[in-house]
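below are the sequence and a predicted model for it; my questions follow.
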Amino acid sequence: MSEWTPTTCMRCAVGCGHLQRGADIGQGIDSVRGDANHPVTRGLACQRGIRETADPDGEWLTQPLVRKNGDLLPSSWDTALDIVRRRMADALDGTRNGVAVLGSGQQTNEAAYALGKLARGGFGTRYYDANTTLCMASAVTAYYGAFGSDAPPPTYDDIPDADTHIVWGANPAVAHPVMYRWIAESAGENGSELIVVDPVETGTAGDADVHVRPEPGTDLALARAILAALLEADAIDRQFVAAATTGFDALVETLPTVAEAADTAGVSVDTVERVAAAFSDPTLLYWGMGVNQSVQGTGTARALVDLCLATGNLEPGSGPFSLTGQANSMGTRLCSSKGTWPGHRAFTDPDHREAVADTWGVPADRLPDDPGPGPVGIVDAMADGPVEVCWTVATNPVAGMPDADRVRETLADAFLVVQDAFRTETVELADVVLPAATWGESEGTVTNMERTISRVRAATGTPPKIRQDIDIIAAIGAEIAPALFDGPPLDPRSVFDEIRGLTAGTPADVSGISYDRLDAELAVRWPASESGVQGGYRYADDGAWAFPTPSGRARFSTATHGGLAEPTDDEYPLTLTTGRESDAYNTGVRTRGDGSDTVPAARINPETATEHADAIDHGRTVIASRRATVAAAVQPDTGVPTGVLWLPIHHPAVNALTLPTVDPESDEPNFKQCAVDVRPRRQSNPLAERGINRPGGDGTSADDD
């Protein structure tokens with residue numbers, strides 16, 4: 001039998017240590033289990049991560065494909081790469097912004113770094129982003145606004161020490177089951193209290209001591225109501241506020257009354273006061289996509305941080321803890337040159353730009369001076385601006401972006417290069433498809449949501465026509481920017497050493513983390529500026545606080561609730577919200593099996609279903625927004641509030657409905673609330689049976705994204 005190879009699970013951002021064993025004959029993974037020696041999870045692993053690593057359901061890509069006469073046909077690597085390089089060179093000939101690049105939190109640190117290096121330093125494009133902007137950008141912007149630096153202050157070590165766990169707009173029981181086990185154990189064994197804030201009944205909410213159900217999209221109003229209640233109860237930690245913060249008086253001037261804000265959020269004053277009282281004990285406040293994916297995502301995340309600051313919950317066993325979605329979203333924030341230069345160096349700082357340019361051996365004026373407009377803005381640039389070629393890497397924007405019909409149409413008009421391990425909706429539109437290695441086949445490192453870096457190792461070889469992400473990136477750069485890489489192939493260790501050097505002395509310093517150290521210790525948390533040390537709780541040190549802001553203090557915020565991005569009306573009387581399911585992740589490519597054409601299940605309150613009974617045809621109906629229509633199987637569910645409809649975010653049809661309006665500070669789209677209606681199927685349109693929208697439909701079909 002093959003030997004067990006230690007690695008890190010790539011399903012979500014918990015960062016579970018895995019052991020995996022390759023097949024004895026040929027390629028592939030024979031078996032996967034938790035690694036008891038891994039210091040982060042010590043043998044714990046969710047079955048979904050094991051299953052999706054060992055035996056994913058997706059349709060594998062096995063060779064390069066090139067579109068000829070409308071069809072994707074097998075090709076050689078030389079031919080495919082030659083086409084890609086020529087088309088990119090032509091697009092860049094007139095403007096360095098002629099190529100757009102969309103990366104992913106599914107890449108290793110090394111591949112993400114190489115992609116950003118090529119996009120920013122080779123192409124010079126500002127139209128580069130990763131799908132982390134679709135889930136984490138509001139939290140990132142909030143951290144910078146409050147602390148002057150990205151990433152949560154707490155770590156997993158703080159979970160057992162918290163007396164109160166507040167989970168806001170997240171469902172870790174489904175999305176992060178191993179981490180949730182620690183939260184549940186703290187609540188069960190240590191007597192900690194679990195409070196969940198979510199309009200919908202979820203697996204996490206079902207375990208809660210208190211379930212607060214605000215009206216969808218009113219999280220900022222609720223957070224401000226709790227702050228006002230803390231002020232009224234004289235429950236502010238005045239000593240901490242005076243010693244470590246700035247802006248509290250300005251915040252107080254903007255606070256509504258408790259009653260006014262509670263009414264806006266649709267909760268009682270008693271409920272607001274109940275949650276406010278919980279902050280008197282050491283409190284960890286977790287939040288996720290229900291907060292971030294909003295036009296007020298940054299303001300709401302800042303308000304949650306304000307709750308911790310106002311109550312002195314910024315020391316071990318407490319604090320604001322954003323829950324990262326994809327496996328290496330933190331890594332792309334660290335080193336991919338997406339929102340900052342590697343090491344969280346600011347785009348606007350000329351010294352940082354010079355340091356990056358010197359490391360890469362490119363002129364500083366080639367580097368863009370802003371991080372770009374985000375994925376929605378990139379689609380706009382493809383439709384109306386300078387972008388002629390789009391290159392997607394380990395991401396599925398045709399299913400994962402809002403207003404997906406428009407995304408599909410825009411990508412179909414561009415020259416589209418898709419680099420992926422599986423056949424996706426985006427692959428179907430591609431002009432060139434580059435097949436990449438996946439989990440269990442790749443080498444590198446990954447960074448989990450608490451800032452811990454660990455190795456990703458291959459337990460099996462790849463088929464002869466599959467290549468590593470990092471080598472595909474270097475091959476494309478070989479002619480466009482020939483001095484940028486020493487390859488392909490690229491040695492992930494040398495790429496990581498380059499990352500180490502470029503982050504040295506920055507707030508996100510990983511210079512003390514080497515492959516040799518990771519081989520010995522398996523996982524190390526940044527910042528780590530030298531061997532033998534690793535990061536812990538941030539900003540707090542034995543009763544003293546220091547923040548990388550101009551004043552050295554944490555900053556309060558003053559955002560106020562501004563209403564929904566798309567309110568309901570007579571034509572669209574229901575509010576759509578979306579969430580995760582336990583058996584799917586991201587756009588569900590690895591877990592769909594043969595059910596990719598099935599319609600999504602729409603959860604709806606029985607009272608609401610009764611009000612719309614004429615539109616519900618034997619449990620199947622059409623959900624319509626101002627952008628598209630989607631066929632759905634309706635499931636009455638008292639866990640969903642009246643007037644609200646819930647759909648799974650993973651289904652490839654759902655984002656045809658969602659709203660592309662973005663948070664003005666973070667560029668993160670407002671996925672979570674939009675106005676919809678339920679309507680009868682038109683029997684004349686068989687595509688509505690499958691939830692698939694195709695050009696030429698009659699307007700009642702549903703989009704497959």
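That came through fine. Numbers count the residues shown, from 1 in each chain.

give me the residue at the spatial middle of the protein.
Closest to where the C-alpha atoms of the chain average out (Cα atoms, centre = their mean) is C135, at 3.5 Å.

so for the longest strand along the chain, what gets flagged as buried?
For the chain, the strand that runs over the most residues, judged by DSSP state E, is strand 629-636. By neighbour count with 16 or more other Cβ atoms under 10 Å, strand 629-636 contains the buried residues T629, V630, A631, A632, V634, P636. In short, each C-beta sits where N, CA and C put it, glycine included.

so how far is the helix or strand encompassing V379 off the chain centroid?
Under DSSP states H and E, the secondary-structure element containing V379 is helix 374-384. Centroid separation for helix 374-384 versus its chain: 19 Å, with Cα atoms, centre = their mean, to the nearest Å.

got the buried residues for the next helix or strand after that helix?
Going down the chain from helix 374-384, the next helix or strand is strand 389-393, by DSSP H and E. Within strand 389-393, the residues that count as buried by 16+ other Cβ under 10 Å are V389, C390, W391, T392, V393.

for stretch 122-138, measure first residue to last.
With Cα to Cα, to the nearest Å as the measure, stretch 122-138 spans 28 Å from end to end.

other SSEs contacting the helix ranked longest in the chain?
For the chain, the helix that runs over the most residues, judged by DSSP state H, is helix 77-94. Using 3 or more Cβ pairs under 8 Å, 6 or more residues apart in numbering; DSSP states H and E, the elements in contact with helix 77-94 are strand 65-68, strand 99-103, strand 389-393, strand 415-420, strand 432-435, helix 469-480.

gap between the helix or strand just after the last one and the chain center?
The helix or strand immediately downstream of helix 469-480 is helix 492-503, counting by DSSP H and E. Relative to the chain's own centre, helix 492-503 is displaced by 24 Å; criterion: Cα atoms, centre = their mean.

and the angle for helix 492-503 with helix 469-480?
Interaxial angle, helix 492-503 versus helix 469-480 (axes from the mean of the first three to the mean of the last three Cα atoms, to 10 degrees): 70 degrees.

phi, psi of T108?
Backbone dihedrals for T108, given as degrees, to the nearest 10, come out at phi -70, psi 170.

name the nearest residue to the residue nearest to the centre of the chain, sequence neighbours excluded.
Ranked by Cβ to Cβ, 6 or more residues apart in numbering and with sequence neighbours excluded, the top spatial neighbour of C135 is G325, at 4.5 Å.

you'd agree that neighbour is up against V174?
No. The criterion here is Cβ atoms under 8 Å, and G325 misses it with V174 at 11.8 Å.

which of the two has more residues huddled nearby?
Neighbour totals were compared for G325 and V174, and G325 leads with 24 against 19 (other Cβ atoms under 10 Å).

the more buried one: what's it in contact with?
C12, A13, G105, C135, M136, A175, G288, M289 (Cβ atoms under 8 Å, 6 or more residues apart in numbering).

from those, which single one is nearest A162?
Set against A162, the nearest of the contacts of G325 by Cβ to Cβ is G288 (17.2 Å).

spit out the contact partners of that closest one.
With Cβ under 8 Å, 6+ apart, G288 has these contacts: W168, G169, A170, N171, P172, A175, S322, L323, G325.

could you report the neighbour count for the residue lying closest to the fourth one once chain neighbours are set aside?
Leaving out its chain neighbours, the residue that sits closest to N171 by Cβ to Cβ, 6+ apart is T202, at 4.3 Å. The tally of other residues near T202 (other Cβ under 10 Å) stands at 24.

how many other residues sit next to V40?
When neighbours are counted by other Cβ under 10 Å, V40 registers 22.

who's in contact with it?
Taking Cβ under 8 Å, 6+ apart, one finds V14, G15, C16, G17, Y156, N448, E450, T452, S454, A523 in contact with V40.

show the buried residues in the residues you listed.
Neighbour counting over the contacts of V40 (16+ other Cβ under 10 Å) leaves V14, G15, C16, G17, Y156, N448, E450, T452, S454, A523 as the buried ones.

and the strands in the stretch 201-350 of the chain?
210-212, 245-246, 283-287, 319-322 (DSSP state E, counting those that start in this stretch).

the second one pairs with which strands, and in what direction?
Partner strands and pairing direction for strand 245-246 (DSSP bridges) are strand 554-555 (parallel).

and after the strand it pairs with, which helix or strand comes next?
Sequence-wise, the next helix or strand downstream of strand 554-555 (DSSP H and E) is strand 574-579.

what lines up beside that next one in the sheet?
In the sheet, strand 574-579 lines up with strand 644-648 (parallel), strand 674-679 (antiparallel) (DSSP bridges).

ok, of the contacts of V40, which one's closest to V101?
Checking the contacts of V40 against V101 by Cβ to Cβ gives N448 as the nearest, at 24.4 Å.

I figured that closest one hits M10, correct?
No. If you go by Cβ under 8 Å, N448 and M10 don't touch, sitting 10.6 Å apart.
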